[in-house]
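J.: Test case, fold it:
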Amino acid sequence: MSSIQKYDFSKLIDQEDVDKAIETIDFLFEMDGWVEGYPTFQTRPYLFEQQNFYKFECSFIFSCFSYLKREVCVTDVKSWCYMDYYDNWKLKDHNSLWHVHNDRGNNMLSGVFYLSVPQGNDVPSTEFKTQNDILFEKFSWFIFSSDDLHRPGKITSNEKRYVLSADFYYE
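T.: As a prediction, the model looks like this:
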């Protein structure tokens, strides 16, 4: 299974939910709730445990079940926010950001939900090595195999981009 599937949750998640999530994320960043050594800024991997993320967690899990076309035993869910902006890219080698989430052979899916992307940013929000890239769409989860090699798309604005990311482990 090596494709990207989009799941629209615009009837469940609205701009107020997104704004509250970004507010929580900004608070976490201010309180040093981010992981050093990751590209730009990334929260610790248990964001769904924070207030204001229940709809995001439920919609992510439902998206994974839909992707698999069946219910499975969920063994873990990890979630974090990756935030960046253009000035941080000046110091980075974009080619060094290619990665996979599943390097241990687990049953695992990954997903991204774009909370905020700068207006006019017409470059891919997530780039993939062997399949089509993802462009920003509001209120949607994009689910893909955790084995798919990908990286954040290069950002062209100093307006912050917030990407909610999650991993779904199952049996």
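
J.: Mind jotting down where the strands sit in this protein?
T.: With DSSP state E applied, the chain shows strands at 5-8, 41-42, 74-84, 108-116, 126-128, 140-145, 150-152, 161-170, listed in chain order.

J.: In TSV: those strands, plus distance to Leu68 and mean pLDDT.
T.: Where you see a C-beta, it was placed from the backbone N, CA and C, and this is true even at glycine. Conversion of these to TSV gives the following (distance: least, C-beta to C-beta, whole Å; pLDDT from 0 to 100):
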stretch	distance to Leu68	mean pLDDT
strand 5-8	10	96
strand 41-42	26	80
strand 74-84	11	91
strand 108-116	7	94
strand 126-128	20	80
strand 140-145	9	94
strand 150-152	19	85
strand 161-170	8	94
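
J.: Make a markdown table from those and add mean neighbour count and distance to Phe48 to it.
T.: Output for the strands of the chain, formatted as a markdown table (neighbours: other C-beta atoms under 10 Å; distance: least, C-beta to C-beta, whole Å):
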| stretch | mean neighbour count | distance to Phe48 |
| --- | --- | --- |
| strand 5-8 | 14 | 16 |
| strand 41-42 | 20 | 15 |
| strand 74-84 | 19 | 4 |
| strand 108-116 | 23 | 11 |
| strand 126-128 | 19 | 20 |
| strand 140-145 | 21 | 13 |
| strand 150-152 | 21 | 20 |
| strand 161-170 | 22 | 7 |
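
J.: Turn these into CSV, columns for distance to Lys55.
T.: Written out in CSV, the entries for the strands of the chain read as follows (distance: least, C-beta to C-beta, whole Å):
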stretch, distance to Lys55
strand 5-8, 13
strand 41-42, 21
strand 74-84, 12
strand 108-116, 10
strand 126-128, 21
strand 140-145, 11
strand 150-152, 24
strand 161-170, 11
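
J.: quick one: stretch 149-158 to chain centroid distance?
T.: The chain centroid and the centroid of stretch 149-158 are separated by 12 Å under C-alpha atoms, centre = their mean, to the nearest Å.

J.: so how far does stretch 129-136 reach from one end to the other?
T.: Chord length of stretch 129-136, first to last residue, is 18 Å (C-alpha to C-alpha, to the nearest Å).

J.: meant to ask about stretch 5-16, not that
T.: 25 Å.

J.: Need the contact partners of it.
T.: Stretch 5-16 is contacted by residues 55-56, 59, 62-63, 66-67, 137-144 when judged by C-beta atoms under 8 Å, 6 or more residues apart in numbering.

J.: at 6 Å what do you get?
T.: Counting by C-beta atoms under 6 Å, 6 or more residues apart in numbering, stretch 5-16 makes contact with 55, 59, 63, 67, 139-143, all of which sit outside it.
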